[in-house]
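Colleague: My questions concern the predicted model and sequence given below.
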Amino acid sequence: MSDTIQTITIPKPVPVTTTRMRPPKKNIPQTKGERDEVLRVIRNYVESDNPVPPMPLEELDVHARKILDELKYPDDTYLHYTAVCLNNEMWRETLAEIPYERRLLLMPKCLRVEDKCPAPFDEFGLLCKQCGLCSIEDFQNEAEKLGYAVLVAEGSAIVMSLIQTGQIEAIVGISCLAVLERTFPYVEAAAIPSIAVPLLQDDCVNTTVDIDWVWEYIHLTSDDKTRRLDLTSLHDEVKEWFTPAAITEILGEPEGKTEEIAHEWLARDGKRWRPFLTVAAFQALREDRGEPIPDDIKKIAFASEIFHKASLVHDDIEDEDHGRYDQPTLNAEHGVPVALNVGDLLIGEGYRLIGECDASDARKVEMLNVAAQGQRELCRGQGAELCWAQKPVPLDSKQVLEIFRQKTAPAFEVALKLGASYAGQLEDYADVLKEYSENLGIAYQIRDDMDDLGEDAGDNELEQMRPSVLLALARERAKGDDRAVLDSLWSHEDLKDIAIHKIRTLAHELEADDKCMLLLETYKEQAVRSLAELDNANLKGLLRRVMGKIFNDLEIKGWCREFEMTQGLREEA
């Protein structure tokens, strides 16, 4: 791979229903973040109070009110939703012990795109034609591959008759809250483990569902020993490794001003996703599961963040950026020579931590090689962008995505591979970690790309404009004067007459923002799909959950009012 910008193959788009183009009903938390917070509190409640299923609906409501009190929700608006989620978590571990081939996946026909769906019905329900228009196809194919029986139908009679045959021992269902309330007594009477994912709407036409939750419950298995691992707590623990005191404990007392600046830079804000990924991969593959995180893996994870932070120092110099984390960049604060030297020092520190860890010589060589290859690939991607910047020309979306693949994916790949290597299992999983990282990295950069043009961005963002998939998509769709404006933006000409809010509005009018969101969902889904043939249930389960964790914690902020309304993030005034 040279510095020349090449092209990348874009995966088949995910079904249109995964973009959640309609907001939830008022009796369901409105945003993904709110729904995940409710689930987190419920899981903690089940862990501490150990409520036992099956439980009558009235008793479920009592527990649900306690959970809502903890969440400080003022009324019973989310009562039934919380009760359903609580019931799910009470059955969760029981479901995990039941073989896939003894489970039923039950979906409602309203998940289909009603006016376009070609599927006929028989006495058992809808017969999916695999047209790719909705999520029914994906859920059905994945579930049947695992061994599930699958029905796309409403009504308790069919379900109860299947239960009575003795062939079905558990149900994973998707339904609106109204239907769940009506069918709950039947399921409770049968005392059968049941997980029910509520639809986000209950108007029976073109509904949507939380894809991540369905995916998690479908794949739930006792073979995955990491399924109880609290990823939020793990991420919080990793963040604590980057306080000033913890940095000194790992790297030692700084000797001189250069090391002081390096330590201070490491302590500045950051999501810490890369060290989190290193630890997550190790936790999935370690043999002594349940033991505390070894000090050595902390150092290895620390190294993955150091490499990332070093690249940011150099990026800021190369791009002439003067602000990051709401503070001056190192080059703005200390000058280019000092910043450049600090970045170089950090790279050396990362390799030092790997070299000094208590692993075999062969394992150390493997980890050092992983880090070196990642550094090489990242520099190739950055080189392609820098060479483009010397003589900027419009790029198409595929060329921009290829830059994303080279620039962002290597850091995620290095982080995961370091964890797998320290666990002694890199050789078996190197290929799948590479594919997963590429899709994760591209998705992550698309999300950043949209943020760069969000309402929080200043007008100077246009002066420092880098290859942007959003602008590439907008230009591909634009004509006439609109295309001329975008051409000027790509070539960095006449920027004084172009305001960022006008570009934001233009991108929305051209539906480039919607296309970006579709690409984001596509690469997220592709990352999960890359795990399909993985034979390690721990790694497979954890990486699937990691994808949800990263993107649930990331929120696209400040886009057009219309966009936020369609995504259910903002209500009509």
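Modeller: Yep, that arrived.

Colleague: all strands for the stretch 201-350 of the chain, in order.
Modeller: Under the criterion DSSP state E, counting those that start in this stretch, strands of the stretch 201-350 of the chain are mapped to 323-324, 327-328.

Colleague: ugh, wrong one, the chain
Modeller: 103-107, 121-122, 125-126, 149-152, 170-175, 194-198, 323-324, 327-328 (DSSP state E).

Colleague: between these, which gets nearest to residue 345?
Modeller: Ranking those by proximity to residue 345 (C-beta to C-beta) places strand 323-324 first, at 18.0 Å. (Glycine included, C-beta is placed from N, CA and C.)

Colleague: In its sheet, which strands sit next to the closest one, and in what direction?
Modeller: Using DSSP bridges, the strands paired with strand 323-324 are strand 327-328 (antiparallel).

Colleague: Identify all contacting residues around the strand it pairs with.
Modeller: Contact with strand 327-328 is made by 268, 322, 333, as judged by C-beta atoms under 8 Å, 6 or more residues apart in numbering.

Colleague: and what of stretch 85-100?
Modeller: 38-39, 42-43, 45-46, 51-53, 55, 60, 63-64, 67, 103, 143, 146-148, 169-170, 172, 193-198, 217, 220-222, 224, 227.

Colleague: in the chain, what secondary structure element scores lowest on mean pLDDT?
Modeller: helix 561-566 (a mean of 40; mean pLDDT, DSSP states H and E).

Colleague: could I get the strands of the chain as TSV with distance to residue 85, mean neighbour count and mean pLDDT?
Modeller: As requested, the strands of the chain are arranged in TSV below (distance: least, C-beta to C-beta, whole Å; neighbours: other C-beta atoms under 10 Å; pLDDT from 0 to 100):
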stretch	distance to residue 85	mean neighbour count	mean pLDDT
strand 103-107	17	25	88
strand 121-122	30	10	65
strand 125-126	25	20	66
strand 149-152	23	20	85
strand 170-175	13	24	86
strand 194-198	8	26	86
strand 323-324	38	15	84
strand 327-328	40	13	90
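
Colleague: so which of the ones you listed gets nearest residue 448?
Modeller: Closest to residue 448 of those is strand 323-324 (C-beta to C-beta; 12.7 Å).

Colleague: quick one on the thing from earlier: redo the strands of the stretch 201-350 of the chain as CSV? Include distance to residue 452.
Modeller: As requested, these are exported to CSV (distance: least, C-beta to C-beta, whole Å):
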stretch, distance to residue 452
strand 323-324, 13
strand 327-328, 18
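
Colleague: right, and those strands - which one's nearest residue 525?
Modeller: strand 323-324 (30.6 Å).

Colleague: what residues does the closest one touch?
Modeller: Against strand 323-324 from outside (C-beta under 8 Å, 6+ apart): 268, 312, 316, 329, 332.

Colleague: For residue 511, give me the pLDDT.
Modeller: On pLDDT, residue 511 comes in at 88.

Colleague: For it, grab the count of nearby residues.
Modeller: 13 (other C-beta atoms under 10 Å).

Colleague: swap in residue 233?
Modeller: Using other C-beta under 10 Å, residue 233 has 11 other residues around it.

Colleague: how much space between it and residue 40?
Modeller: 10 Å (C-beta to C-beta, to the nearest Å).

Colleague: next one: residue 341
Modeller: 43 Å.

Colleague: next one: residue 161
Modeller: 37 Å.

Colleague: what is the mean pLDDT for stretch 295-302?
Modeller: The model assigns stretch 295-302 a mean pLDDT of 94.

Colleague: and what of stretch 357-374?
Modeller: For stretch 357-374, the per-residue pLDDT averages 95.

Colleague: which outside residues touch that stretch?
Modeller: By C-beta under 8 Å, 6+ apart, stretch 357-374 touches 296, 299-300, 303, 307, 350-351, 354-355, 410-411, 413-414, 417-418, 421-422, 424, 426.
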